[in-house]
Structures are given as C-alpha cells and as structure tokens.
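S.K.: With the input below, show me the fold.
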Amino acid sequence: MASDFNPQVRDTQDWLEACAQRHAQPRWFRGPLLTGVMAVCLCLIYAQELHLAPRPSGGSAPDLWTLLAMGGLNRQLVIGQGEWYRLFVAPLLHNNLAHLAGNVAGFIFAGYALEWLVGRAWMFLIFFLGTLGGSVVSLALTPADVVVGVGASGAIMALLAALLILGLRLPPGRVRNWTLTNVLLSLVPSLIPQSSVGGMHVDFGAHLGGAVVGAVMGLLLWLMWRREQPEAPARLAATLGALTGVCVFGLCLMFAVQHYPDVLHLTLPPLFR
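M.R.: This is a model prediction of the structure:
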C-alpha cells in the first residue's frame, strides 16, 4: 500500500501529519479507535461487577467475595483447582472507582500512543500477552495472605514498556520528549516494590511481569522494523495473535460466567472469610 509516511523525517509536525494520512480508511476510522473501545469495555465490566455482585455492598466498590466470584486471581483457585481462566479475567476487573480510573487513564495514554505507532493488532497483542505475564508473575510473587488480585496494571505496564522502547523511533522534538518523559514517570514508580497505596495492596508481581513482556515485545519489534518501513512489520502474525487473544478473553469470560454459581457456594478456609 502506498504511503507518504517517511520514518526519517526530522520535523515532528510533518511526521505526525504523515502518520495521520498513512492509512486509506475514511477519516472516522483512522486513529486509535481500539483504545477507546477497550477503555469503554473496562468501564462496562466494572459496572457489571456492581450489578451482578452476589453480596451487594450498596456502594461504588465490590467486596472481595464479589471479585473472587467474578474471576479474581487467587493462588488456591488457579493452582489448586485449575481455574486458569482467572489469569485473563482478573486483569479486566477492578476493586473500586479510583482503581478503575487510574488504570483507564494509564491505558488510554499508553494504548493511544502505541496504537498510532504500531497499529491495532500489535497494541492488542501486547496487551493480551501483558495480562498473561502479569498474572503469572503475580501468582509467583504475591504473598499467600492476599485473598484476591485484580486490575489491568500488568497489561498497562506491558504497553508502557513497549512504548518506551518504540518511542525512540519518534523524531527528536517535543512529542518524543513528552511521550518518553510521561512513560518513565508512569513506569518507574510502578516498578518500585511497595506494600500498599491508598489502602490497596500493590501487585508488584503483575507490574514486573507485564513490564518484562512489554520490553521483550518492544525489542522484538525494534529489531524487525526497518527504518524505511512505514508500517510495523509482521502485520499478519500480529493480527492472528490479536484474534487469538480475543478468543481467549471471550473463552475465559465464558468460563467465569459458568463458574460464578460454584464460587457462591464454595466453602472457603478462614483466610477468605
């Protein structure tokens, strides 16, 4: 496909205008549309947490039992009972409005920039793999007394880490400086081990796992992406990977719905009461 995009252009404004014109789709379809759709989906899932809560709290936050019933991450249920679907469902859940707002804001920033740089398929694939990496490392590092883990922070760390590496492809200037500065301001504090913020346990394992996955994906793209290439490489492979991610998310959400009644009647040890 012909393109006026010149990755070696030195003027930032010219580069941004070239990016905006490099696709042949109608104007309404250009831009980071998927980022907006995914952000809305996270908000709708949180609304469902409040609506379908087995033990309604009457407020704006679900209780731990609700999060556990709807697919929150728990070592006993994942490893002991084989409920692997929680690895992908837990990152879509949030435990209060502040948690949701912070993650959605971070996701919009990272997803918007990365979707412009590498396209929808690569952005979603990095998000998908970041959820897996974050959940796996979270299970390995989270203390045993943590009842349930939720939140998209692992996937967001993956997007930020990939953006930090791929943002170096931006031409020198205000846009690159602003992007890289904000990535570092978001990424570095999240990778400092800390026990809690605002009364919530900070899932350092999810942050670390997601960041490692994002860095690996960003480096892989960097090595494959030739400077004269206007679009991100391996678009077909990225599309197939993204479609696989969509199917996995859909399948895991289906399993979460099927197991929902079972969790309601689960006899839990004292730790969960």
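S.K.: Going by contacts, tell me the helices and strands next to whichever helix or strand residue 214 is part of.
M.R.: Assigning secondary structure by DSSP states H and E places residue 214 in helix 204-224. Applying 3 or more CB pairs under 8 Å, 6 or more residues apart in numbering; DSSP states H and E, we find helix 204-224 packed against helix 120-141, helix 153-166, helix 174-190. The way it works is simple: take the backbone N, C-alpha and C, and place the C-beta from them, glycine included.
S.K.: Would you mind finding the most buried of those helices?
M.R.: helix 153-166 (a mean of 29; mean count of other CB atoms under 10 Å).
S.K.: tell me what that one is packed against?
M.R.: Packed next to helix 153-166, using 3+ CB pairs under 8 Å, 6+ apart, are helix 97-118, helix 120-141, helix 174-190, helix 204-224.
S.K.: export these to a markdown table and tack on mean pLDDT?
M.R.: As requested, these are exported to a markdown table (pLDDT from 0 to 100):
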| stretch | mean pLDDT |
| --- | --- |
| helix 97-118 | 91 |
| helix 120-141 | 94 |
| helix 174-190 | 81 |
| helix 204-224 | 92 |
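S.K.: Looking at these, which is nearest to residue 158?
M.R.: If you check each of the helices and strands packed on helix 153-166 against residue 158 by CB to CB, helix 120-141 wins as the nearest, at 2.5 Å.
S.K.: between the closest one and helix 153-166, how many degrees?
M.R.: In terms of direction (axes from the mean of the first three to the mean of the last three CA atoms, to 10 degrees), helix 120-141 departs from helix 153-166 by 130 degrees.
S.K.: which residues touch the residue nearest the centre of the chain?
M.R.: For the chain, residue 155 is the residue whose C-alpha lies nearest the centre (CA atoms, centre = their mean; 2.7 Å). For residue 155, the contacting residues are 91, 107, 127, 128, 130, 131, 134, 210, by CB atoms under 8 Å, 6 or more residues apart in numbering.
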